[in-house]
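Peer 1: would you be able to build a 3D model of this:
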Amino acid sequence: VKDVKLWSAEEPNLYKLYIKLLNHLGEVVEVVSQRVGFREFKLEDKIMKINGKRIVFNGVNRHEFSMYHGRACKKEEILEDIITIKQNNINSIRTSHYPNQSYFYELCDEYGIYVIDEANLETHGTWMVMGGVSGEYAVPNGKPEWLGAVLDRAEAVLERDKNHPSVVIWSCGNESYGGENIYKMSEFFRNRDNTRIVHYEGVFHDRSFNDTSDMESRMYEKVWNIEEYLNNDPEKPFILCEYTHSMGTSNGGMHKYTDLADKYPMYQGGFIWDYIDQAIMTKDDKGNDHVAYGGDFDDRPTDYNFCGNGIVYADRKPTPKMQEIKHNYRMFNVIVNKETVTIENKHLFIGTENFDLECSLYKGGGKLEEVSFNLDIKAGETGNVNIKDLFEFDEAGEYSINASIVLNKDMIYANKGHEVAFGQFVFKVEDLKKNIEQENLDRAKQLLSISKYLTSEEFQQLNTQRDEIRALELKIQKTKELKQAGSTAS
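Peer 2: As a prediction, the model looks like this:
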């Protein structure tokens, strides 16, 4: 293929691959096709890179779940998830904690989403004992009778999904402690496929086979512990395979984590827990539909609403938390003041050719004016837009200048005008006339307070100066009002 267009989440360029099966006579027996992409993903100088550029995962963990069909998601539901994810600046998904339907990977290839593809392995209950960690009963650990099952799961996910460009990392599973079997699983991935790297968080609890994972992966780690790791000459890049647990009113401190990506090159993002509330549509005792979760089926013991920690509800509608996530995962940083809008393009490969800047002036919450700009800011660069002479703020009140980066054409995941990032500057304009009256009153009080110490001649002199200043201020105010009236008439 000549002049190859590389695949990335920003530019998901795909090609059609045809595979022919021939018989012993050279006759075509079967033809299958698959869309494929060309891309490079590797560790270089302790940094994960996509097509030579440092990647940051603005990610989420996603269970396959439907409130109507349980674990069997319809294609329409999967597509709805992918569109919502793209619209809210999420660029990556960890398939927690098992391989997903093949249709999911096809959509990730097409829409542009990086995938950590996780093998179907979790043995949490075998090594978490009374709230502590113990490898005594851990499965699979180094038990030889479990090696076949472990490698079989690795082979199944790799052989099925190896041709999807969206899959950039293989994961050995979730919360299954450490040990030699999972290390051998990671070596299977590496020996069979040198175009991807391997993830496993469990070595955090058992460092006996620390090379199982090509990155330092942790769950729900505190910011200061992450910084301590990054400030001590680490051997591996750092990701949070789970963080900012989205149960109830949450995600409020998320920026403390996303800010790390700008401070430390070896901090390479994280994956929110998790995407969708796991609840089931059922009937109440009157026959009405309602969404039920733990405890609603007379199940005891139960974790109650602990299955409800999604950034979308069970009906796939975004929760209010999504606004915070979309902002923290933005790929344009927009800084606004009265004179300038500064835009930092954080993309790795694309410029602003598909985006416009919309600037709006609001007063007291109501829109007064709006202006649109074409942009020309290349990937990784910063540009300024001059708005100094666009708006006037003569009347007293609270103003805001809102700056939005919006799509300037329809895309497969959103329509023209969809906002991808915003910035805002809020300020007040004081009532000058009221200020002058207040100042005169203040001066009068001051004169009154010191009058008993002045001779009549000194008091008269101060009064004269005060009147002259007041007349000058009123003249200035009248000039401004005449200028404003003329501007309105024109």
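Peer 1: alpha carbons only: can I get stretch 308-325 in CSV?
Peer 2: In CSV, the C-alpha atoms belonging to stretch 308-325 read as follows (Å, rounded to 0.1, in the frame of the first residue of the first chain):
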residue,chain,number,x,y,z
GLY,A,308,-25.0,1.8,40.0
ASN,A,309,-21.7,3.6,39.4
GLY,A,310,-22.0,4.6,35.7
ILE,A,311,-21.5,7.8,33.9
VAL,A,312,-24.7,6.9,32.0
TYR,A,313,-27.9,5.6,33.6
ALA,A,314,-29.2,2.1,32.9
ASP,A,315,-31.3,3.6,30.1
ARG,A,316,-28.0,4.9,28.5
LYS,A,317,-28.9,8.6,29.1
PRO,A,318,-25.8,10.6,30.4
THR,A,319,-25.8,11.5,34.1
PRO,A,320,-24.9,15.1,35.2
LYS,A,321,-21.4,13.8,36.0
MET,A,322,-20.8,13.5,32.3
GLN,A,323,-20.3,17.3,32.0
GLU,A,324,-17.3,17.2,34.4
ILE,A,325,-15.8,14.3,32.5
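Peer 1: list phi and psi for the most centrally placed residue in the chain.
Peer 2: Computing the C-alpha centroid of the chain and ranking residues by CA atoms, centre = their mean puts Tyr329 first, at 2.7 Å. Phi and psi for Tyr329, reported as degrees, to the nearest 10, are phi -100, psi 10.
Peer 1: so what's it up against?
Peer 2: Asn58, Asn88, Asn89, Ile90, Asn91, Thr258 (CB atoms under 8 Å, 6 or more residues apart in numbering). Heads up, the C-betas are built off the backbone N, CA and C, glycines and all.
Peer 1: and the nearest residue to the third one once chain neighbours are set aside, how far from Phe297?
Peer 2: Looking back up the chat, that one is Asn89. Nearest non-adjacent residue to Asn89, counting by CB to CB, 6 or more residues apart in numbering: Tyr329, 3.8 Å away. Computed as CB to CB, to the nearest Å, the Tyr329 to Phe297 distance reads 36 Å.
Peer 1: same deal with Ile239?
Peer 2: Taking CB to CB, one finds Ile239 at 36 Å from Phe297.
Peer 1: and these two? Which one has more around it.
Peer 2: Neighbours per residue, other CB atoms under 10 Å: of Ile239 and Phe297, the larger number sits with Ile239, 27 against 11.
Peer 1: what helices or strands is the helix or strand harbouring that one leaning on?
Peer 2: Secondary structure assigned from DSSP states H and E places Ile239 in strand 238-243. Counting contacts by 3 or more CB pairs under 8 Å, 6 or more residues apart in numbering; DSSP states H and E, strand 238-243 packs against strand 57-61, strand 216-219, helix 223-230, strand 267-272.
Peer 1: what angle do the third one and strand 267-272 make?
Peer 2: With axes from the mean of the first three to the mean of the last three CA atoms, to 10 degrees defining the directions, helix 223-230 sits at 140 degrees from strand 267-272.
Peer 1: mind listing the helices for the stretch 201-350 of the chain?
Peer 2: Secondary structure of the stretch 201-350 of the chain (DSSP state H, counting those that start in this stretch): helices at 223-230, 255-258, 260-263, 321-328.
Peer 1: contacting residues around Glu395?
Peer 2: Contacts for Glu395 (CB under 8 Å, 6+ apart) come out as Lys363, Val429.
Peer 1: Tyr229 too?
Peer 2: By CB under 8 Å, 6+ apart, Tyr229 lies in contact with Glu216, Phe238.
Peer 1: what separates it from Gly59, distance-wise?
Peer 2: 19 Å.
Peer 1: run through this protein and note the low-pLDDT ranges.
Peer 2: Along the chain, segments meeting pLDDT under 70 span 431-441, 443-445, 447-455, 458-459, 462, 465-466, 468-469, 472-473, 475-476, 479-490.
Peer 1: ok, 50 please
Peer 2: In the predicted model, the chain carries pLDDT under 50 at residues 490.
Peer 1: what's the most distant pair in the contacts of Tyr329?
Peer 2: Spanning the widest gap among the contacts of Tyr329 are Asn88 and Thr258, at 13.6 Å by CB to CB.
Peer 1: make JSON lines from the helices and strands packed on strand 238-243 and add distance to Asp285 to it.
Peer 2: Output for those, formatted as JSON lines (distance: least, CB to CB, whole Å):
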{"stretch": "strand 57-61", "distance to Asp285": "35"}
{"stretch": "strand 216-219", "distance to Asp285": "40"}
{"stretch": "helix 223-230", "distance to Asp285": "47"}
{"stretch": "strand 267-272", "distance to Asp285": "36"}
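Peer 1: out of these, nearest to Lys378?
Peer 2: Across the helices and strands packed on strand 238-243, closest to Lys378 is strand 57-61 (CB to CB), at 20.5 Å.
Peer 1: what helices or strands is the next helix or strand after that closest one leaning on?
Peer 2: Using DSSP H and E, the helix or strand that follows strand 57-61 in sequence is helix 75-87. Judged by 3+ CB pairs under 8 Å, 6+ apart, the packing partners of helix 75-87 are helix 102-111.
Peer 1: for the helix it packs on, packing partners?
Peer 2: When contacts are defined as 3+ CB pairs under 8 Å, 6+ apart, helix 102-111 packs onto strand 28-36, helix 75-87, strand 114-118, helix 147-161.
Peer 1: now with 10 Å, please.
Peer 2: Contact partners of helix 102-111 among helices and strands, from 3 or more CB pairs under 10 Å, 6 or more residues apart in numbering; DSSP states H and E: strand 28-36, helix 75-87, strand 92-94, strand 114-118, helix 147-161, strand 167-171.
Peer 1: what about the closest residue to Lys367 other than its chain neighbours, how many residues nearby?
Peer 2: Computed as CB to CB, 6+ apart, the closest residue to Lys367 that is not its neighbour in sequence is Ser360, at 5.6 Å. Neighbour count of Ser360, defined by other CB under 10 Å: 17.
Peer 1: try Asp298
Peer 2: Asp298 has 6 neighbours, counted by other CB under 10 Å.
Peer 1: could you do Ala149 as well?
Peer 2: Number of residues near Ala149 (other CB under 10 Å) recorded here: 12.
Peer 1: so how many other residues sit close to the nearest residue to Ala261 once chain neighbours are set aside?
Peer 2: Spatially, and ignoring its direct neighbours in sequence, Ala261 is nearest to Val56 (4.7 Å; CB to CB, 6+ apart). Neighbour count of Val56, defined by other CB under 10 Å: 23.
Peer 1: shouldn't Val56 be in contact with Leu348?
Peer 2: Yes - assessed by CB atoms under 10 Å, Val56 is found in contact with Leu348 at 9.0 Å.
Peer 1: overlap of the contact sets of the two?
Peer 2: Common neighbours of Val56 and Leu348, using CB atoms under 10 Å, 6 or more residues apart in numbering, are Met331.
Peer 1: now the common contact residues for Asn88 and Thr258.
Peer 2: With contacts defined as CB under 10 Å, 6+ apart, the residues shared by Asn88 and Thr258 are Asn58, Ile325, His327, Tyr329, Arg330.
Peer 1: on that earlier part again, so can I have a markdown table of the helices and strands packed on helix 102-111 showing distance to Glu381?
Peer 2: Output for those, formatted as a markdown table (distance: least, CB to CB, whole Å):
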| stretch | distance to Glu381 |
| --- | --- |
| strand 28-36 | 31 |
| helix 75-87 | 23 |
| strand 92-94 | 23 |
| strand 114-118 | 23 |
| helix 147-161 | 35 |
| strand 167-171 | 25 |
